[in-house]
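Student: What follows is a protein structure lacking sequence information:
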């Protein structure tokens with residue numbers, strides 16, 4: 001059974017430049033000049049909230065996240081923004097926002113068939129829903145988490161555990177939002193992240209999709225699980241001759257205008 005994930009902002013931000021690039025690419029396609037109300041849905045440690053503040057200096061900006069640790073980091077990173085703890089599936093704004101911006105967050109919750117139309121319906125007239133989500137469920141990075149979790153002394157502790165959810169197809173999001181939106185843009189990008197350090201892909205995952213598994217293990221058992229996962233990843237993500245590791249990472253983007 002899945003559980004509420006605890007987040008380590010320091011681990012997540014270890015690859016902050018790589019994680020930030022898709023956020024900037026999404027923001028570049030938001031066709032708003034002077035929105036009044038902006039929501040950073042799934043704001044995490046606030047690194048992207050600060051970019052929203054720079055882009056929209058006059059807007060009221062609210063960051064929403066389910067993690068108290070992430071929110072504490074966000075309040076420090078963006079003290080001139082407001083932050084609230086909330087569940088993506090049930091959160092409602094105090095007033096209709098002009099922009100709901102969500103970078104690498106909504107894949108952690110299910111029922112997108114109802115979630116995306118609901119979020120779109122919360123917007124003010126002319127408002128924008130801008131979303132980016134990893135599309136990595138077929139990649140070794142994600143597949144091997146489940147495979148390694150099912151074998152070894154940690155398996156009883158991880159029985160039934162899952163990570164971020166598999167997202168819908170691009171066509172499904174089109175079918176959900178196109179009847180509602182005056183304009184809808186959908187695209188996918190595969191980033192080739194050049195990571196530094198030993199077992200860099202494992203370290204990347206430890207800041208995001210591996211968290212639910214790590215949460216259930218302690219001490220040596222957690223260390224052994226991390227080592228086994230790292231070993232399983234190496235043939236798929238070998239270190240290059242200069243010591244770097246290449247991580248192809250596919251992401252889905254959508255910008256829907258009400």
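Tutor: Everything's here; your move. None of these values were measured; they are calculated from a predicted model.
Student: OK, contacts around the closest residue to residue 164 other than its chain neighbours?
Tutor: Nearest in space to residue 164, with sequence neighbours left out and distances taken as CB to CB, 6 or more residues apart in numbering, is residue 107 at 4.6 Å. Any C-beta I mention is one placed from the backbone N, CA and C, and that applies to glycine too. By CB atoms under 8 Å, 6 or more residues apart in numbering, residue 107 lies in contact with 133, 134, 164, 165, 167.
Student: Determine which two of those residues are furthest apart.
Tutor: Pairwise distances across those peak at 10.7 Å for 134 and 165 (criterion: CB to CB).
Student: the more surrounded of the two?
Tutor: More crowded of residue 134 and residue 165, by other CB atoms under 10 Å: residue 134, with 19 against 16.
Student: quick revisit: give me the distance between the residue nearest to residue 164 and residue 215.
Tutor: Distance, residue 107 to residue 215, by CB to CB, to the nearest Å: 18 Å.
Student: can you give me the strands in this structure?
Tutor: For the chain, strands defined by DSSP state E occupy the ranges 37-41, 60-65, 82-85, 99-103, 128-134, 183-195, 245-257.
Student: Quick one: those as a markdown table, columns for distance to residue 156 too.
Tutor: Below are the strands of the chain laid out as a markdown table (distance: least, CB to CB, whole Å):
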| stretch | distance to residue 156 |
| --- | --- |
| strand 37-41 | 36 |
| strand 60-65 | 31 |
| strand 82-85 | 32 |
| strand 99-103 | 35 |
| strand 128-134 | 29 |
| strand 183-195 | 32 |
| strand 245-257 | 30 |
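Student: Which among those is found nearest to residue 201?
Tutor: Of these, nearest to residue 201 by CB to CB is strand 245-257, at 5.5 Å.
Student: what angle do the closest one and strand 183-195 make?
Tutor: Angle, strand 245-257 to strand 183-195, by axes from the mean of the first three to the mean of the last three CA atoms, to 10 degrees: 160 degrees.
Student: Next, the buried residues of strand 245-257.
Tutor: 245, 247, 249, 251, 252, 253, 254, 255, 256, 257 (16 or more other CB atoms under 10 Å).
Student: Roughly how far does the spatially closest residue to residue 34 that is not a sequence neighbour sit from residue 41?
Tutor: Leaving aside its sequence neighbours, residue 34 sits nearest to residue 58 (CB to CB, 6+ apart; 6.4 Å). Here residue 58 is placed at a distance of 20 Å from residue 41 (CB to CB).
Student: Identify the residues contacting stretch 214-234?
Tutor: Residues contacting stretch 214-234 (CB under 8 Å, 6+ apart): 3, 5-6, 140-141, 144-145, 147-149, 152-154, 157-158, 161, 199, 201-202, 205-206, 210, 213.
Student: returning to what we had before: JSON lines for the strands of the chain, including distance to residue 31 and mean pLDDT?
Tutor: JSON lines is the format used below for these (distance: least, CB to CB, whole Å; pLDDT from 0 to 100):
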{"stretch": "strand 37-41", "distance to residue 31": "14", "mean pLDDT": "98"}
{"stretch": "strand 60-65", "distance to residue 31": "18", "mean pLDDT": "97"}
{"stretch": "strand 82-85", "distance to residue 31": "24", "mean pLDDT": "96"}
{"stretch": "strand 99-103", "distance to residue 31": "10", "mean pLDDT": "97"}
{"stretch": "strand 128-134", "distance to residue 31": "7", "mean pLDDT": "97"}
{"stretch": "strand 183-195", "distance to residue 31": "8", "mean pLDDT": "96"}
{"stretch": "strand 245-257", "distance to residue 31": "7", "mean pLDDT": "97"}
